[in-house]
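> fold the following, please.
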Amino acid sequence: MALSKLKEKGLKVGKIKFVKAVHSMPLMQYGVTYWVKKDNKRVHIQGIGNFKVSGLDQIPENAEFSTANLVERNGDYYLLVTCFLPKDDKHENGKAIGIDLGVKNQVTFSNWVKLQYSVPLSQRLRRLYHFFSRAKPGSRNKEKLLSKIKSEFEKKNNEKMNIINKVSRFVTTNYSQVVFQDDNIRSWQKLFGKKIYETSIGGIRNALKRKASTPVEVGRFVKTTGVCPVCRTYVKLDLSQREFTCPSCNFTFDRDVASALVILKEGLSLWNVGETPGDENASAMMEYLQSIPHVSVSMNREAPSVRAG
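Below you'll find the model as predicted:
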């Protein structure tokens, strides 16, 4: 509206396009375009007014407010606030962990802990799609169904993000060096589309990159699957083979655990890290991960077995 008024006055404002709906509005200056009153749980937005909000307890006491963004998502409104905090010195315990991402076991750690999770599409979403496909194009009913479908997708995505955030939080809090591989998740999507969508496995890798004190990424083309962690002998494996026996040292390894151990050694060698403190967090990790909804945790045997013969 402001641009159209300026254009009527003869000013050059460029081409004005009709926008059916606006889903976000930037608030660029704290204290002018918006301000927050944590005492009475209210937010003031310039030109709109005061609103009672929930979630202000997420903002730390010593936070310095910066820009914000008012966002509409499927009928709900959120204020995304950017804050600056004093930089804390990260606690370095010297511990390291290797992480192998996969399709059958979504996350396998070098301490022998395996994590599986999945957030499948709900029956309600399938019913909504059924009615949406039969609704009259352009009708009000079809718009309502589309809004419900988006809300259901957002709910499922939030459940997956909750798992990703909790897993990455535990790992980055308890380990200084976090080693993972630059897996080609996009190609996995083509082969195992549904399983990859229900886990958003790439989100764990991205979260580790952002949050880890020292994230170490092993190259995509470094062989880690079917490699013996003891002598580095390579054994070609099919997707169905979950264990393998090294022909050189005769040790039998779980496929995913061996990959996690190889990834850990490769990553530490990149940073010239020698011996790291022993990992005593396996039981605590299992207890914590088991409390997360949609997550099942198991632990492989604590040492590789030796096959006689």
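> and this structure, what are its domain boundaries?
Listed by automatic domain parsing, the domain ranges of the chain are 20-84, 96-120+157-306.
> relative to Asn141, which of those domains is closest?
domain 20-84 (16.0 Å; CB to CB). (Glycine included, C-beta is placed from N, CA and C.)
> now do the closest one, average pLDDT.
The average pLDDT within domain 20-84 is 90.
> and Val257, how far from Phe251?
12 Å (CB to CB, to the nearest Å).
> Gly10 too?
Gly10 is 82 Å from Phe251, by CB to CB.
> these two: who's more crowded?
The residue with more neighbours, out of Gly10 and Phe251, is Phe251; 19 against 6, by other CB atoms under 10 Å.
> tell me where the model's unsure across the stretch 201-309 of the chain.
273-278, 301-309 (pLDDT under 70).
> let's go with 90 and repeat that
Applying pLDDT under 90 to the stretch 201-309 of the chain picks out residues 211-214, 230-231, 237-240, 242, 246-253, 268-284, 299-309.
> all helices of it, in order?
Assigned helices in the stretch 201-309 of the chain, in chain order: 202-211, 255-270, 282-290 (criterion: DSSP state H, counting those that start in this stretch).
> name the residues of the helix or strand containing Ile163 that are buried.
Element membership of Ile163 [criterion: DSSP states H and E] is helix 140-174. Residues 142, 145, 148-149, 152, 156, 160, 163-164, 166-168, 170-172, 174 are the ones in helix 140-174 that count as buried (16 or more other CB atoms under 10 Å).
> still on that earlier bit, most packed of the helices of the stretch 201-309 of the chain?
Of all the helices of the stretch 201-309 of the chain, helix 255-270 has the most neighbours on average by mean count of other CB atoms under 10 Å, namely a mean of 23.
> list of residues touching it?
96-100, 102, 104-105, 108-110, 112, 114, 177, 179-181, 216-218, 222, 224-229, 232, 237, 241-244, 274, 276, 300 (CB atoms under 8 Å, 6 or more residues apart in numbering).
> try 6 Å
If you take CB atoms under 6 Å, 6 or more residues apart in numbering as the criterion, helix 255-270 is touched by 98, 100, 102, 105, 108-110, 112, 179, 181, 216, 218, 222, 224-225, 227, 229, 242, 300.
> mind checking pLDDT for the residue lying closest to Ile149 once chain neighbours are set aside?
Nearest residue to Ile149 in three dimensions, chain neighbours excluded: Leu128, at 5.1 Å (CB to CB, 6 or more residues apart in numbering). pLDDT for Leu128: 94.
> burial count for Leu128?
19.
> roughly how far apart are Leu11 and Met161?
Leu11 is 44 Å from Met161, where distance means CB to CB.
> ditto for Pro229
In terms of CB to CB, Pro229 sits 32 Å off from Met161.
> if we can go back for a sec, tell me which of the domains of the chain sits nearest to Phe132.
Nearest of the domains of the chain (CB to CB): domain 20-84, 14.5 Å.
> ends of that closest one, how far apart?
By CA to CA, to the nearest Å, the extent of domain 20-84 from end to end equals 35 Å.
> same question for stretch 177-185.
One end of stretch 177-185 sits 22 Å from the other (CA to CA).
> what are the buried residues along it?
For stretch 177-185, a neighbour-count test (16+ other CB under 10 Å) marks Gln177, Val178, Val179, Phe180, Gln181, Asp183 as buried.
> same question for stretch 194-204.
Buried-residue list, stretch 194-204, by 16+ other CB under 10 Å: Lys195, Ile196, Tyr197, Glu198, Thr199, Ser200, Ile201, Gly202, Gly203, Ile204.
> which element is the residue nearest to Ile149 on?
For Leu128, the host element (DSSP H and E) is helix 123-134.
> go on, Lys17?
Assigned by DSSP H and E, Lys17 falls within no helix or strand.
> ok, now Asn105?
With DSSP H and E as criterion, Asn105 is part of no helix or strand.
> which residues touch it?
Taking CB under 6 Å, 6+ apart, we find Asn105 in contact with Lys114, Gln116, Asp256.
> contact partners for the residue nearest to Ile149?
By CB under 6 Å, 6+ apart, the contact set of Leu128 is Leu145, Lys148, Ile149.
> ok, so what distance separates it from Leu121?
Per CB to CB, Leu128 is found 10 Å from Leu121.
> on that earlier part again, adding pLDDT, write the contacts of Leu128 out as JSON lines.
Compiled in JSON lines, the contacts of Leu128 are given as follows (pLDDT from 0 to 100):
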{"residue": "Leu145", "pLDDT": "93"}
{"residue": "Lys148", "pLDDT": "91"}
{"residue": "Ile149", "pLDDT": "93"}
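> is it possible to get TSV of these that adds distance to Leu56?
Supplementary listing: the contacts of Leu128 in TSV, determined by distance: CB to CB, whole Å:
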residue	distance to Leu56
Leu145	34
Lys148	29
Ile149	31
